[in-house]
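**Student:** here is a sequence together with a model predicted from it:
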Amino acid sequence: MSGVSAEAGTSAYSELDLDVCTLLEQEPEFGAALWQCPGVAGYDVFVREGDLRFYLAYAPEGSIPDSHGTTVAPFNRLGPRLEWRLDEQGVPYATIVRYFVDLGPETGAVEGSEAPVLVVSKFENGESCHISFIDASVNPDANEIARRAADERAAEFWCESNAPEIDGKTGHYLGVR
């Protein structure tokens, strides 16, 4: 099986505005919550917040995902939209989301500093895993790098055995790998 050619991949977008998503669960004592947001191609996006991190999971419309989803290790918040990479039939094979990660004291950054990182995830039958991380603060073409990673690697990436890569230049320790 070969990767999807860059020409074949197209993008669709869904919003990650939690104010308009459906709140399914909330545990204020622990700062945890679960939202269901509309996705594309018959899938919903599930956003879970816990321990100052946001996790993403996917499921066909009308069902609940089997897992809590994936995130990045540092404290984080999500960007406003999710990019879906679609094949010629409109079937999603990857997602791209912008996380803003806390740089933390170990980086020497000012407290509260954050950096944008694009996370590319393989998407297959509602399940996903990370393929690539791109430091969007030092790569002006971060979106193109992310699309290229999705298009060239998603088809042959094995979630159980392959490790995600850091693509492009790196400017910060982002706590991802």
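**Tutor:** That came through fine. Note that the structure is predicted; figures quoted are calculated from it, not measured.

**Student:** mind listing what's buried in stretch 115-129?
**Tutor:** By neighbour count with 16 or more other CB atoms under 10 Å, stretch 115-129 contains the buried residues 115-124, 126-129. For glycine as for every other residue, the C-beta is placed from the backbone atoms N, C-alpha and C.

**Student:** who's in contact with Phe46?
**Tutor:** By CB atoms under 8 Å, 6 or more residues apart in numbering, the contact set of Phe46 is Leu24, Leu34, Trp35, Gln36, Cys37, Leu56, Ala57, Tyr58, Ala59, Ile64, Pro65, Gly69.

**Student:** report the separation between Asp167 and Asp151.
**Tutor:** Using CB to CB, to the nearest Å, one obtains 12 Å as the distance from Asp167 to Asp151.

**Student:** what's across from Asp44 in the sheet?
**Tutor:** Counting by DSSP bridges, Asp44 is bridged to Pro38, Ala59.

**Student:** give me the buried entries from the contacts of Phe46.
**Tutor:** Buried residues within the contacts of Phe46, counting neighbours by 16+ other CB under 10 Å: Leu34, Trp35, Gln36, Cys37, Leu56, Ala57, Tyr58, Ala59, Pro65, Gly69.

**Student:** restricted to strands, list these.
**Tutor:** Per DSSP state E, strands hold the following members of the buried ones among the contacts of Phe46: Leu34, Trp35, Gln36, Cys37, Leu56, Ala57, Tyr58, Ala59.

**Student:** surely the first one meets Thr22?
**Tutor:** Think Leu34. No. The criterion here is CB atoms under 8 Å, and Leu34 misses it with Thr22 at 9.5 Å.
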